[in-house]
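Enquirer: give me a model of this one.
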Amino acid sequence: MSEQVTLSPVDTIDVTILVDNSVDVLLPGNEMVQRAPLAVNWTEREQLIAEHGYALLLTVASNGRRASLLYDAGLGRNTLLHNMDVLGVRPADLRAIVLSHGHADHHGGLEGVVRHLGKRGLPLLLHPDAWRYRRIVFPTGTEIHMPPPSQADLDREGVTIIEERGPSLLLDDTVLVTGQVERITDFEKGFPLQQARTEHGWEPDIWVWDDQAIVCHLKNRGLVVLSSCSHAGVINILQHARRLTGIETVYAFVGGLHLSGAVFEPIIPRTIAELQAIGPSVIVPGHCTGWRATHELARALPAAYVQTSVGTTLHFA
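Expert: Reported below is the predicted structural model:
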C-alpha cells in the first residue's frame, strides 16, 4: 500500500477540456461551467474539433499564484494545438505534462504541442509501462493497434522524461499524480481485450498498470480528481485518492470511466451505486464513458452531472 502524502490545498482549480469525443457550442453554462464563447459569424473563425481522444489543461491557484500542467494530448497530431489556438489558450506558466497511460488517443498530440511551446526541459511524467506496444482485439477479430509515444521524438524536442510507478507531487505539492492505482474492488477487472507485444509475442495485458489519475485538494471542498480513461476502475481510483491523501470527501470527478461496450456495460449499475455512496458534488463524464453509462449517470446523479464538451472550463472555487 502506498504511503500517505501531504497534498497542499488550493483556492481555485480550473480544468479546461481541450480534447474530448464531443463538442456542443449551444450548451448552457453557469458560474462554475464556462462554455466556449460563441462567434457572431461562425464562418469567420476556426471551429473546435472533437475526436476520440482526451486532453485537459489544469490550472491551480493559491495565495495569488497560478500554475498549470497539461494532462494528456489527444489522438490527432494537430487537434490539441488547433483547439488551443481557437480557445486562445496560451499557458505561459505551463510547468509539466502528465501522461495518463500509453494509449495513442492520449499521447498523439504530444510532439506537436511540445514543439509549439518551445520549452526545453519541460517535464513529462509517465509510468514506465506507457512505453509498451499494445493492441486491442475485439471478439469479432477486429484489431486496433496502440503504439506508445515515440521516445526519440520527445528526446529531440528536449522533453525531460520522468518515469515513476508511485505517486508524485507537482506544482509545489498542490497536484498529486497517483501513479499505479491499487486494485481492490471485485468488479473492476481491467481491460480484458488488451494485449502487449513482448519478446515472446503477444501476451495478455489486461491491467493497464500505467493508468494514473490527477488529484487536487480544493480548500474547504474536498478532492478534485481527473482521470482520462479509468482503466484501473473509477471506484479504485477514487478510493486510492482517498487513501493517499487521507481526505474522504470527493468534491468533483472529471474524465472517462471506460464503461462503453458489451464488456463493460454489465458493471454500470455497480459502478453507479458505488459513486452514489461516495457522493461527488460534480461529475463530468467524458471520452470513453459510453452513451449508456452517461445516460445512467445523468439519471442517478442529476444534481452533480455536467455535460462535457470541448472548450468547456470548469471553475472550482
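
Enquirer: what packs against the lowest-mean-pLDDT helix or strand in the chain?
Expert: Scoring the helices and strands of the chain by mean pLDDT, DSSP states H and E places helix 110-117 at the bottom, with a mean of 90. Using 3 or more CB pairs under 8 Å, 6 or more residues apart in numbering; DSSP states H and E, the elements in contact with helix 110-117 are helix 79-87, strand 94-98, helix 151-156. Where you see a C-beta, it was placed from the backbone N, CA and C, and this is true even at glycine.

Enquirer: low-confidence regions, this protein specifically.
Expert: Within the chain, the stretches falling below the threshold (pLDDT under 70) are 1-2.

Enquirer: what does whichever helix or strand comes after the least confident helix or strand of the chain rub up against?
Expert: Next along the chain after helix 110-117, taking DSSP states H and E as the criterion, comes strand 123-126. The contact list for strand 123-126 (CB atoms under 8 Å, 6 or more residues apart in numbering) reads 95-99, 102, 110, 114, 149, 154, 159-164, 168, 170, 177, 210.

Enquirer: stretch 78-97: which residues count as buried?
Expert: Going by neighbour count (16 or more other CB atoms under 10 Å), the buried part of stretch 78-97 is 79-84, 86-87, 89, 91, 94-97.

Enquirer: then stretch 219-231?
Expert: Buried, per 16+ other CB under 10 Å, within stretch 219-231: Arg221, Gly222, Leu223, Val224, Val225, Leu226, Ser227, Ser228, Cys229, Ser230, His231.

Enquirer: out of the residues you listed, which are inside strands?
Expert: Members of the buried residues of stretch 219-231 lying in strands (criterion: DSSP state E): Gly222, Leu223, Val224, Val225, Leu226, Ser227.

Enquirer: what ranges do the strands span in the stretch 51-200 of the chain?
Expert: Taking DSSP state E, counting those that start in this stretch as the criterion, the stretch 51-200 of the chain contains strands spanning 55-62, 65-71, 94-98, 123-126, 134-137, 143-146, 160-163, 168-170, 175-177, 194-198.

Enquirer: thinking again about what came up before, and of the buried residues of stretch 219-231, the nearest to Ile214?
Expert: Taking CB to CB as the measure, Leu226 is the one of these closest to Ile214, at 4.3 Å.

Enquirer: need the contact list for the closest one.
Expert: Leu226 touches Val15, Leu56, Leu58, Tyr71, Ala213, Ile214, Val215, Phe253, Val254, Gly255, counting by CB under 8 Å, 6+ apart.
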